[in-house]
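Asks: Here is a sequence together with a model predicted from it:
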Amino acid sequence: MYDNYNNDDERSAGDVIFSFKRKWDNYWYHYKWYTLIGIATLIFLVVCITQCASQCVKRTQSDANIAYVGSKELRGPIFLTIINDFNAILNEGIEDDDEAKVIDFQDYFYLTPVEIENARAAGDIVDTQSLMTIRKQIDLEIMSGSSVIYFLSAGAYREFSQIDGMFMPIEEALGYIPESAADNYSIRLSALACREYFEGIYNFPENTVIAVRNYQTLKKPSDKELARYESNFQMLKKIIEFVPPVMQEIDFE
């Protein structure tokens, strides 16, 4: 009787193993590629999120964090010239023995739905898949809060202004409202002397506006975050208040 009991247990365990294997074989036969694609996608997302987090940490250690979102592609020499121009503005007035400050600059070629339709109507080929990928990158950028100062096309500004609390009032960032203000949240780049003076910055389209990303938390920002924003506020002031060296040498009295 005892032997029969053990045999029943062994048969039950064997049946369970056989049943599980049969179910697994059946699942693998029907869903093998879906499973492999799912695993590959998960690995890709983990790698992307890890890299994004690492880049965000490095980028927020810069003295100013600037991003461009608009309909002009800034590549190669133009991109490098823009970075040099921003660094020149940021380091204006510092002593020779002081450590040079650096900016982080990101650019995103982006077309709004209206701009896509206008481009198609004009006979241009629009890579919508690429634009969708870039939009996801911009969304990650917005969520991370890595960039503080945004240069945006008029269309991009209108679109992203729809996000509740996206931009900070200019008066809060500067302490005053400059004459170049387009509205309470943006500055007209075309009204600033730096666009005419710097070759790289001149490559931004004439309808570009400058806006400031709002704080990322509903609670009071940390001291570190406040210090990072203050550094960006100083950069924004330098951009707005920039006076070409030639003009500085002129005595108007």
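Replies: In hand now; what should we look at?
Asks: Just give the nearest non-adjacent residue to residue 198, would you?
Replies: Take residue 198 and drop its neighbours on the chain: the residue closest to it by C-beta to C-beta, 6 or more residues apart in numbering is residue 85, 4.0 Å away. C-beta here means a position set from N, CA and C on the backbone, and glycine is covered the same way.
Asks: and residue 108, backbone torsions?
Replies: Its backbone dihedrals place residue 108 at phi -130, psi 110, with angles given as degrees, to the nearest 10.
Asks: so how far is residue 114 from it?
Replies: Taken as C-beta to C-beta, to the nearest Å, the spacing of residue 108 relative to residue 114 amounts to 17 Å.
Asks: residues near residue 110, how many?
Replies: The number of residues packed around residue 110, counting by other C-beta atoms under 10 Å, is 22.
Asks: Revised request: answer the last question for residue 88.
Replies: Using other C-beta under 10 Å, residue 88 has 16 other residues around it.
Asks: again, but for residue 159
Replies: Burial of residue 159 is recorded as 18 neighbouring residues (other C-beta under 10 Å).
Asks: Likewise for residue 212?
Replies: Look at residue 212: counted by other C-beta under 10 Å, it has 24 neighbours.
Asks: low-confidence ranges in this structure?
Replies: Applying pLDDT under 70 to the chain picks out residues 1-20, 44-61, 94-98, 217-219, 247-253.
Asks: follow-up on the earlier one: between residue 108 and residue 114, tell me which one has more neighbours.
Replies: Neighbour tally, residue 108 and residue 114, criterion other C-beta under 10 Å: the higher count belongs to residue 108, 19 against 11.
Asks: which non-adjacent residue is nearest that one?
Replies: Residue 108 sits nearest to residue 69 (C-beta to C-beta, 6+ apart), 4.8 Å away.
Asks: Find the residue closest to residue 119 in space, skipping its chain neighbours.
Replies: Using C-beta to C-beta, 6+ apart and skipping residues adjacent in sequence, the residue nearest residue 119 is residue 126, 5.2 Å away.
Asks: From residue 127, how far out is residue 133?
Replies: Noted for residue 133: a distance of 9 Å to residue 127, by C-beta to C-beta.
Asks: Ignore what I typed, I meant residue 66.
Replies: Note on residue 66: its distance to residue 127, by C-beta to C-beta, is 25 Å.
Asks: Compare those two (neighbour count), which wins?
Replies: Taking other C-beta under 10 Å, residue 66 and residue 127 do not tie; residue 66 has more neighbours (24 against 11).
Asks: ok, that one touching residue 146?
Replies: No - with contacts counted by C-beta atoms under 8 Å, residue 66 stays clear of residue 146, the gap being 10.4 Å.
Asks: any shared contact partners between the two?
Replies: Shared between the contact lists of residue 66 and residue 146 (criterion: C-beta atoms under 8 Å, 6 or more residues apart in numbering) are residues 104, 106.
Asks: Does the helix or strand harbouring residue 133 pack against any helices or strands, and if so which?
Replies: Here residue 133 is covered by helix 128-144, with elements defined by DSSP states H and E. Helix 128-144 sits against helix 2-59, strand 103-109, with contacts defined as 3 or more C-beta pairs under 8 Å, 6 or more residues apart in numbering; DSSP states H and E.
Asks: Look up how far residue 242 lies from the nearest residue to residue 244 once chain neighbours are set aside.
Replies: The spatially closest residue to residue 244, leaving aside those adjacent along the chain, is residue 197, at 4.6 Å (C-beta to C-beta, 6+ apart). Taken as C-beta to C-beta, the spacing of residue 197 relative to residue 242 amounts to 7 Å.
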